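Trainee: Compute the structure for the input listed below.
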Amino acid sequence: MRLYLLLTTAILLLFLLFPIGSQAQKATEIRRFQLKEVQQGVAVDPTHFYVINNHSLTKHTKSDGKQVAAWRDTTGLLKHMNSGVVIGRKLYCTHSNYPDVPMASSIEIFDTRTLQPIGNHSFGLFPGSITWADFYQGYWWVAFANYSNKSSAEGRDNRWTTLVKFNSTWQQLEAWAFPATVLRERFKKAPRL
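Mentor: Predicted structure coming up:
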């Protein structure tokens with residue numbers, strides 16, 4: 001369910017950034033891998049893909065899916081890594097304290113060569129739990145989810161789910177709410193852990 005929510009949100013972002021009528025793109029499945037431990041998300045670069053779980057990462061070759069590196073949080077500080085994006089030689093993973101409240105989120109940064117942590121950006125207490133982030137045309141686009149069930153927080157339901165645009169130094173520039181139809185049809189349930 002969580003990966004479905006992530007993909008649905010990413011598709012919505014694409015429609016916001018590239019309205020219908022602009023150049024259409026078509027995706028073609030090239031290869032599919034069945035891995036035993038895929039809980040949250042996957043990020044890719046030209047030669048590898050990175051499996052993101054709550055407390056761990058694995059790096060795999062795109063040619064055959066062979067695992068070539070792994071990392072696991074031994075500090076106990078990471079609670080819920082969710083998704084990621086590779087930019088250059090850095091893997092940026094979204095992280096939150098979901099389902100705890102008040103909601104706190106961060107971006108955890110890893111070296112793609114070694115999978116070792118090399119930095120982070122903390123949002124501190126923020127009105128939503130970070131679910132995905134991407135960097136496009138010099139700006140960070142980040143989604144902060146709110147839930148309409150037992151995981152709701154601080155009196156906010158899924159109508160508070162927000163897409164936020166930040167500059168490259170994490171200053172918030174703009175923010176958008178999602179349309180009621182998307183909230184009703186796609187964001188009605190909190191993902192299962």
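
Trainee: Just give me the residue closest to the centre of this structure.
Mentor: W132 (2.4 Å; C-alpha atoms, centre = their mean).

Trainee: Isn't that one up against T94?
Mentor: Yes: between W132 and T94 there is a contact at 5.8 Å, judged by C-beta atoms under 8 Å. C-beta coordinates here come from the backbone N, C-alpha and C atoms, glycine included.

Trainee: circling back to that earlier point, quickly note the distance from the residue nearest to the residue nearest to the centre of the chain when sequence neighbours are not counted to V42.
Mentor: Among residues not flanking W132 along the chain, S83 sits closest, at 4.4 Å (C-beta to C-beta, 6 or more residues apart in numbering). Per C-beta to C-beta, to the nearest Å, S83 is found 8 Å from V42.

Trainee: what do these two both touch?
Mentor: Common neighbours of S83 and V42, using C-beta atoms under 8 Å, 6 or more residues apart in numbering, are I52.

Trainee: Between these two, point out the one with more neighbours.
Mentor: Higher neighbour count among S83 and V42: S83, with 26 against 16, using other C-beta atoms under 10 Å.

Trainee: quick one: which helix or strand includes the more buried one?
Mentor: strand 80-87 (DSSP states H and E).
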